[in-house]
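Chemist: no sequence on this one, just coordinates:
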């Protein structure tokens, strides 16, 4: 009887081993031809990214996982808004253009951030500007008006009568600043004058005593 039972068990055990081999399982229960990664099981031929590094992609092969790291391409030179998403390997460029003094401009856009500047947003993302070069105004009291770049002499050309700079006289003609002293502002023929000292040239009569200013009579 015992010999008969042993004879029957041998073929059954062989059938179990054959069934396990056909299903791809080992005797210990581990699936053959798979790869363990990211807490999951991948079959041969499957591709996956590592959870710990979204730039590393792997393929499950009969020999195990074969992995390679993705190299990110360079972002456009004019990229001014870059986003990094947790599930992405490489950063994304969300916006291209130029940022100038906190304002974003489109590529090739011309803009005027101030009255004296004319700028262009170039294709490399850099704003390049031309700044107006204002000539020195021919007066000592120029005024900046809204919408204009360079100052203007609202009262016309003028200069200081003397070094005290207390009195301003008009240009273009001699001016008697007192009964003995005649002054004249430099004009456009005096090259470079308005870039430096803006005081008139004065001449004084010889042996002349300036008249005292009239005194106010008391009532």
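Modeler: All right, it came through fine. Because the structure is a prediction, the values reported are computed rather than measured. Residues are numbered from 1 along each chain as shown.
Chemist: contacts and neighbour counts: CA atoms only from here.
Modeler: Noted.
Chemist: Give me the neighbour count for the residue lying closest to residue 153 once chain neighbours are set aside.
Modeler: The shortest distance from residue 153 to any non-neighbouring residue, by Cα to Cα, 6 or more residues apart in numbering, is to residue 142 (4.7 Å). By other Cα atoms under 10 Å, the residues close to residue 142 number 18.
Chemist: cool, residue 153 as well?
Modeler: Residues lying near residue 153 (other Cα under 10 Å) number 15.
Chemist: wouldn't it be in contact with residue 136 here?
Modeler: No. Taking contacts as Cα atoms under 8 Å, residue 153 lies outside contact range of residue 136: 10.5 Å.
Chemist: Contact partners for the residue nearest to residue 153?
Modeler: For residue 142, the contacting residues are 151, 152, 153, 154, by Cα atoms under 8 Å, 6 or more residues apart in numbering.
Chemist: Reformat those residues as TSV; add secondary structure.
Modeler: Putting the contacts of residue 142 into TSV (DSSP: H, G, I helix; E, B strand; the rest coil) gives the following:
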residue	secondary structure
151	coil
152	strand
153	coil
154	coil
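Chemist: Which one (most neighbours) among the residues you listed?
Modeler: residue 152 (18 neighbours).
Chemist: quick one, what contacts that residue?
Modeler: Listed by Cα under 8 Å, 6+ apart, the contact set of residue 152 reads 137, 142, 143, 144, 145.
Chemist: same deal with residue 209?
Modeler: Neighbour list for residue 209: 179, 180 [criterion: Cα under 8 Å, 6+ apart].
Chemist: still on that earlier bit, taking the contacts of residue 152, please make a PyMOL selection of just the buried ones.
Modeler: In PyMOL, this line selects whichever of the contacts of residue 152 come out buried by 16 or more other Cα atoms under 10 Å:
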select buried, resi 137+142
